[in-house]
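# coordinates only, sequence not included:
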């Protein structure tokens, strides 16, 4: 059994599940977690555990059972789409509770042991939505922008103690992410034409090719953990790299104009 313990949240499917498997293949003792632990029954890892990142008590109990970890992968989250005008605040709060506060809970629970030991790594899975906000995705982006900001601050705080912070920014990935999405875009209303136009823009951004599977993200996470030279932020996928490069290389007005032209957005 490896002496490197990695705890991964949101392992019932998609990126979390692929990451748990990839870390196990790289020799980690993986603790795979999910709200519904029965979804992990067939996952060939060292240990599976029930964990609801929205709950202080659940996080504390999971950390009590696991003890100190070498790697924390914050992956649990869900999507929320719809206009700023129309999405109910209750859904906005719920998205922040899982996507942002859930990650912070895990960090605050796992970090003290890493700091005391003088080593460890915290991997926060954000999104291209944490690089640039899209129409009808503002609240989901807000949760990811918030996690990006905290990750940057955390990097500056804990590197001194030998703890690494890695931000993984996936683009479009073929997962079951949409199964848990709260989506107000299909509803009739003033923004329905924009929703249809944006769907076509996403197809253009993907270049007509099928989205890569979650294994691409899992490999990026494992490779970053094994490289001391890995940067703080790692966009994953051709579309993510395109958005990151465009966003970093220009002022916002130029970025917006370019995206409108490339994606045929005239709203």
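That came through fine. Computed from a prediction, not measured in an experiment: that's the story for all the values here.
# how about the helices in the stretch 1-150 of the chain?
Secondary structure of the stretch 1-150 of the chain (DSSP state H, counting those that start in this stretch): helices at 14-25, 56-66, 89-96, 102-117, 138-158.
# tell me the most buried of those?
Each of these was scored by mean neighbour count; the highest is helix 14-25, a mean of 24, by mean count of other C-beta atoms under 10 Å. In short, each C-beta sits where N, CA and C put it, glycine included.
# which elements pack onto that one?
strand 5-8, strand 29-34, strand 71-74, helix 215-226 (3 or more C-beta pairs under 8 Å, 6 or more residues apart in numbering; DSSP states H and E).
# redo the ones you listed as CSV? Include distance to residue 241, mean neighbour count and mean pLDDT.
Converted to CSV, the helices and strands packed on helix 14-25 look like this (distance: least, C-beta to C-beta, whole Å; neighbours: other C-beta atoms under 10 Å; pLDDT from 0 to 100):
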stretch, distance to residue 241, mean neighbour count, mean pLDDT
strand 5-8, 24, 28, 99
strand 29-34, 28, 26, 98
strand 71-74, 21, 27, 99
helix 215-226, 11, 20, 98
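# can you redo those as JSON lines with distance to residue 165?
Shown next, in JSON lines, are those (distance: least, C-beta to C-beta, whole Å):
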{"stretch": "strand 5-8", "distance to residue 165": "15"}
{"stretch": "strand 29-34", "distance to residue 165": "20"}
{"stretch": "strand 71-74", "distance to residue 165": "10"}
{"stretch": "helix 215-226", "distance to residue 165": "11"}
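# any idea which of those gets closest to residue 199?
In terms of C-beta to C-beta, the element of those nearest to residue 199 is helix 215-226, at 22.8 Å.
# so what touches the closest one?
15, 18-19, 21-23, 26, 71, 73, 121, 123, 125, 166, 168, 170, 173, 230, 234, 236-237 (C-beta atoms under 8 Å, 6 or more residues apart in numbering).
# residue ranges with poor pLDDT in the stretch 101-250 of the chain?
Counting by pLDDT under 70, the ranges of the stretch 101-250 of the chain that qualify are 176-179, 205-209.
# distance of residue 203 from residue 240?
According to C-beta to C-beta, to the nearest Å, residue 203 stands 16 Å off from residue 240.
# between the two, which has more neighbouring residues?
Using other C-beta atoms under 10 Å as the criterion, residue 203 and residue 240 rank with residue 240 on top: 22 against 12.
# shouldn't the more buried one be in contact with residue 170?
Yes. Using C-beta atoms under 8 Å, residue 240 is in contact with residue 170, at 6.2 Å.
# residue 235 in helix, strand or coil?
strand (DSSP: H, G, I helix; E, B strand; the rest coil).
# quick revisit: got the helices of the stretch 1-150 of the chain as a markdown table, with distance to residue 257 columns?
Below are the helices of the stretch 1-150 of the chain laid out as a markdown table (distance: least, C-beta to C-beta, whole Å):
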| stretch | distance to residue 257 |
| --- | --- |
| helix 14-25 | 32 |
| helix 56-66 | 44 |
| helix 89-96 | 29 |
| helix 102-117 | 33 |
| helix 138-158 | 19 |
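# perfect, I'm done here.
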